[in-house]
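S.K.: Need the 3D shape of this:
(chains A and B)
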Amino acid sequence: MNILQIANVTKRYAGHTALDDVSLEVPKGSIYGLLGPNGAGKTTLIRVINRITLPDAGAVTFDGHHITDDDIRHIGYLPEERGLYKKMKVGQQAVFFAQLKGLSRREAVERLKKWFVRFGIEDWWEKKVEDLSKGMAQKVQFITTVVHEPRLLIFDEPFSGFDPINANLLKQEILRLRDNGSTVIFSTHNMSSVEEICDHITLINKSRNILSGSVDEVRRRFGENIFEVTYRGDPATLENAVAPMAEILGTAEVSDTPYHTTRLKLDPAATVRQTVAAVNDAIELRSFHEVIPSMNDIFIRAVEGKL
Amino acid sequence: MNKIRIIIAREFNERVRKKSFIITTILMPVLMLALMAAPTLIMLFAKGDTKHLLVIDDSGIIAPQLENGDDVIFEATDRSLEQARADTDVFGVLWIGGDIVDNPADVKLYTNSSSSMALESTITSQMERIIENERLKRYNIENLEQIMKDVKVKVSLSAYRTDLTEGEEPAEATSSALAYGLGGLMGIILYMFLIIYGSMVMTSVIEEKGSRVLDVLVSSVSPFQLMTGKILGVASVAATQVAIWAILICGVGAAMMSALVPSDVMETVRAVEAGTITSAQAGMDADLISAVSLATNPAQMVMMFVYLLLFLVGGFLFYSAMFAAVGSSVDSIQDAQQLQTPITIPIILGFILMMTVFEDPNSTIAFWGSIIPFTSPIVMIARIPSHIPSWQIILSLVLLYASVVAMIWLAGRIYRVGILMHGKRPSFKELLSWIRQ
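M.R.: Prediction:
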């Protein structure tokens, strides 16, 4: 079941097309990575989902029905450019945002107090936002995004501005929200965090959806039959042994150890089994594994058009 | 609707709790009084030293009749002009020719430092009076002095408005001076509120845009709700401020005036109010009586404040929507300068048209100025104390509030696009295209 379905959405501004026939499906309970270079159209897509801007063509379906303004309170959005009222007190401000999302005043205070305790910031309630550091303000902003327990969360670069400890705290919270039944859309340039927490991705480039799928499937799809062998022995022997079935991409010594590593690109006809056997006969094998491209590589290759 | 209420509440609470709001609310009436007292105070302090003038009167007629005053003392002398002019202890020398009665240009003032308009007009007016008398004397009229005293007259005009009493004999003169003063004061207050609170809305939108709070807000509320909530919130702050002033002025004013005004004056005022006597019979100035009567009559004061509030809120909503639209389309206050000129010009025009109300509150230009929404709040509030027909006030209010709706809709179209635009300041052409979008 998909919580969000975007079908053939197009949005044009005077002079340029921000979204060109974009379709994607976000499965319920997933963490969905929305990737793409700057200016690709991610923010416009997020605004279309939030109904901040309306598409010129195409449809957005939320939880099985055409999205309406009423659905907005089931969405929590953390924009890339964070903003809080500087002169307002933290607590008052959080209550204000929670009320706008449809919580009653009492409910908002109750839930916010819990969140403040969880983040260890309960004594900030009476502080003014301008007295907080950037990271502190980010925490407050995160809480205001999730306090109404939205079914769909949209985070735009959530980790920017956080130190590693707080980034980790945030990651745990995102995973916990997912486990509690929320769906998370996650827009970022940080590819390692995509590999770590995303189940599915969509890559948008030049206003178009150029790549969609589950992270594992995408990475496998981009695999090029490359394997890395770590071994003790003469690299020349290994090269001779595998020459009929693979191309040698390069060999390196593993510093401070007697081992070498060699990268092989297997011929389409060759099997892994054959290759391992040949390698095993030639040298003292320590490890043999497939090199799966990182999301970073895939991102660059996809954007540069080398699909 | 509920979301608009939450936004109004935030705007209101944040502003009303500010120290600056509390201070201006309390200090403003004091400042207003000071401003009104300023001309009198300036006159008082601007008065120069008493000037000492030597008078050489070849005719021998003028000098004995010159009257000394607070600012000038005349001293007749028989020294020669050269000698007198050499005397630097005095302010100067007034030389009057022998044939002054027939040749009034034959008079010269020599001073040791710069002369003053006031001094020169004192001299000429005194001399004119003396010469006129001298010329009259030539006709050898008997009992001239007695006749002169007899013919001297000062007309005190009492103006009555027959349209207000529907044919009945009007009880008491209406004071035009008071109506103009009150209208002008309310017009100025309104003008200041439109400009000050209008730019407050604009600045606050620019701040929200700059701090990116808007990006967060628009994911919860529609831009239209956001803008409407903001201007209604600020409007309620302005209304609160005026209401507090109303209470302060009506309450304290009524109490203070009764205590300050001498009891016999109060009695006269009450008698005039009751219609038992007229101000002319009481021998008092009609303007003074109307002023005291108004200041000690809370019901009348409250009515004025109700009108002020109605036009203030209407005028503010009319203009603040546009201020919000301009704020939404720029990134900095500097960029806003040029775009806000089309908004400030009609406000200033309203202020200028208000001046014509003092000439004649029922002139064609004052009438249309107070009906057409762009200038109507300021011009109409200035006309109201002149007891204009109610249908005009009602028409003006209806048109104003109807165009508020249109204005908010129009501004909302710009605001909706503007808040998401960052970078280059848009041109007027682009703003128009946003409305159509």
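S.K.: name the helices or strands packed onto the helix or strand containing residue B:354?
M.R.: Taking DSSP states H and E as the criterion, the element that holds residue B:354 is helix B:333-359. In this structure, helix B:333-359 makes packing contacts with helix B:176-210, helix B:298-329, helix B:364-369, helix B:376-383, helix B:428-436, judged by 3 or more Cβ pairs under 8 Å, 6 or more residues apart in numbering or on different chains; DSSP states H and E. In this view, the C-beta of every residue, glycine as well, is placed from N, C-alpha and C.
S.K.: so who does the residue in chain B that chain A sits nearest to touch?
M.R.: As assessed by Cβ to the nearest Cβ, chain A sits closest to residue B:212 within chain B, at 3.2 Å. Applying Cβ atoms under 8 Å, 6 or more residues apart in numbering or on different chains, we find residue B:212 in contact with A:79, A:81, A:82, A:83.
S.K.: Could I get those in TSV, plus columns for pLDDT and neighbour count?
M.R.: Conversion of these to TSV gives the following (pLDDT from 0 to 100; neighbours: other Cβ atoms under 10 Å in any protein chain shown):
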residue	pLDDT	neighbour count
A:79	85	25
A:81	77	14
A:82	75	23
A:83	82	20
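S.K.: ok, and of those, which contact chain B?
M.R.: A:79, A:81, A:82, A:83 (Cβ under 8 Å from any Cβ of the partner chain).
S.K.: Tell me which of those fall in helices.
M.R.: Where the ones next to chain B among the contacts of residue B:212 are compared with helices, as defined by DSSP state H, there is no overlap at all.
S.K.: so which of those residues would you say is closest to chain B?
M.R.: After measuring these against chain B - Cβ to the nearest Cβ - the closest member comes out as residue A:83, at 3.2 Å.
S.K.: Does that closest one touch residue B:216 like I think?
M.R.: Yes: the criterion here is Cβ atoms under 8 Å, and residue A:83 meets it with residue B:216 at 5.5 Å.
S.K.: Got the phi and psi for residue B:211?
M.R.: The phi and psi torsions at residue B:211 (degrees, to the nearest 10) take the values phi -80, psi 0.
S.K.: Excluding residues flanking it in the chain, which one is nearest it?
M.R.: Distances taken as Cβ to Cβ, 6 or more residues apart in numbering or on different chains place residue A:83 nearest to residue B:211, at 4.7 Å, with adjacent residues excluded.
S.K.: Pull up the gap between that neighbour and residue A:136, please.
M.R.: Per Cβ to Cβ, to the nearest Å, residue A:83 is found 15 Å from residue A:136.
S.K.: what does residue B:116 give?
M.R.: Distance from residue B:116 to residue A:136, counting by Cβ to Cβ: 67 Å.
S.K.: List the contacts of the residue nearest to residue B:211.
M.R.: Under the contact definition (Cβ under 8 Å, 6+ apart), the residues listed for residue A:83 are A:141, B:208, B:211, B:212, B:213, B:214, B:215, B:216.
S.K.: can you rerun that using 7 Å?
M.R.: Listed by Cβ atoms under 7 Å, 6 or more residues apart in numbering or on different chains, the contact partners of residue A:83 are B:211, B:212, B:213, B:214, B:215, B:216.
S.K.: these two touch, right, the fifth one and residue A:77?
M.R.: Spelled out, it's residue B:215. No: with contact taken as Cβ atoms under 7 Å, residue B:215 and residue A:77 are classed as non-touching, separated by 8.5 Å.
S.K.: can I assume residue A:90 is in contact with residue A:129?
M.R.: Yes: between residue A:90 and residue A:129 a contact is recorded at 6.1 Å, counting by Cβ under 7 Å.
S.K.: re earlier: possible to save the contacts of residue A:83 as TSV with pLDDT?
M.R.: Below are these laid out as TSV (pLDDT from 0 to 100):
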residue	pLDDT
B:211	83
B:212	82
B:213	87
B:214	86
B:215	82
B:216	84
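S.K.: Domain parsing of chain A, as residue ranges.
M.R.: Chain A breaks down by automatic domain parsing into domains covering A:2-220, A:224-291.
S.K.: Please report how far residue A:120 lies from residue B:178.
M.R.: The spacing between residue A:120 and residue B:178, counted by Cβ to Cβ, is 66 Å.
S.K.: more neighbours, these two?
M.R.: Just comparing residue A:120 and residue B:178: by other Cβ atoms under 10 Å in any protein chain shown the higher neighbour count belongs to residue B:178, 21 against 10.
S.K.: Just give the closest residue to the more buried one, not the sequence neighbours.
M.R.: Nearest-residue entry for residue B:178: residue B:290, 4.6 Å, with adjacent residues in sequence omitted and distances by Cβ to Cβ, 6+ apart.
S.K.: any idea how far residue B:273 is from that neighbour?
M.R.: If you measure residue B:290 against residue B:273 using Cβ to Cβ, the figure is 10 Å.
S.K.: Give me the more crowded residue out of these two.
M.R.: Looking at residue B:290 and residue B:273 with other Cβ under 10 Å, you find the greater number of neighbours at residue B:290, namely 23 against 16.
S.K.: Okay, and the more buried one sits in which element?
M.R.: With DSSP H and E as criterion, residue B:290 is part of helix B:286-295.
S.K.: Likewise for residue B:238?
M.R.: Per DSSP H and E, residue B:238 falls inside helix B:223-247.
S.K.: relative to helix B:176-210, how tilted is that helix?
M.R.: Orientation check (axes from the mean of the first three to the mean of the last three Cα atoms, to 10 degrees): helix B:223-247 against helix B:176-210 gives 140 degrees.
S.K.: ok, and what's touching helix B:223-247?
M.R.: Identification of contacts with helix B:223-247 by Cβ under 7 Å, 6+ apart yields B:3-4, B:7-8, B:11-12, B:15-16, B:25, B:28-29, B:193, B:197, B:200-201, B:204, B:217-218, B:302, B:305, B:308-309, B:312-313, B:316-317, B:320-321, B:324, B:408, B:411-412, B:415-416, B:419.
S.K.: got the phi/psi numbers for the closest residue to residue B:61 other than its chain neighbours?
M.R.: Setting aside the residues directly before and after it, residue B:61 is nearest to residue B:134 in space (Cβ to Cβ, 6+ apart), at 6.0 Å. Backbone torsions for residue B:134, taken as degrees, to the nearest 10, come to phi -60, psi -40.
S.K.: One more: residue A:210?
M.R.: When quoted as degrees, to the nearest 10, the phi and psi of residue A:210 stand at phi -100, psi -10.
S.K.: and if you look at residue A:9?
M.R.: Torsion angles at residue A:9 (phi, psi; degrees, to the nearest 10) stand at phi -80, psi 130.
S.K.: Who is it paired with across the strands?
M.R.: On the basis of DSSP bridges, residue A:9 is bridged to residue A:22.
S.K.: Give me the pLDDT value at the residue nearest the centre of chain B.
M.R.: The residue lying closest to the centre of chain B (Cα atoms, centre = their mean) is residue B:184, at 3.8 Å. The confidence metric pLDDT takes the value 87 at residue B:184.
S.K.: same question, residue B:397
M.R.: pLDDT recorded at residue B:397 is 95.
S.K.: Can you check my assumption that residue A:250 lies in a helix?
M.R.: No: applying DSSP: H, G, I helix; E, B strand; the rest coil, one finds residue A:250 to be strand, outside a helix.
S.K.: Just list whatever residues bridge to the nearest residue to it once chain neighbours are set aside.
M.R.: Taking Cβ to Cβ, 6+ apart as the measure, residue A:250 lies nearest to residue A:263, with 5.4 Å between them; neighbours along the chain are not counted. Taking DSSP bridges, one obtains residue A:228, residue A:250 as the residues bridged to residue A:263.
S.K.: Give the burial count for residue A:263, as a bare number.
M.R.: Should you count by other Cβ under 10 Å, residue A:263 turns out to have 16 residues around it.
S.K.: wait, what's in contact with it?
M.R.: When contacts are counted by Cβ under 7 Å, 6+ apart, residue A:263 touches A:226, A:228, A:249, A:250, A:291.
S.K.: Now the phi/psi pair for whatever residue of the stretch 201-307 of chain A ends up closest to chain B, please.
M.R.: Closest approach of the stretch 201-307 of chain A to chain B (Cβ to the nearest Cβ) occurs at residue A:207, with a separation of 17.0 Å. The phi and psi values for residue A:207, taken as degrees, to the nearest 10, are phi 70, psi 0.
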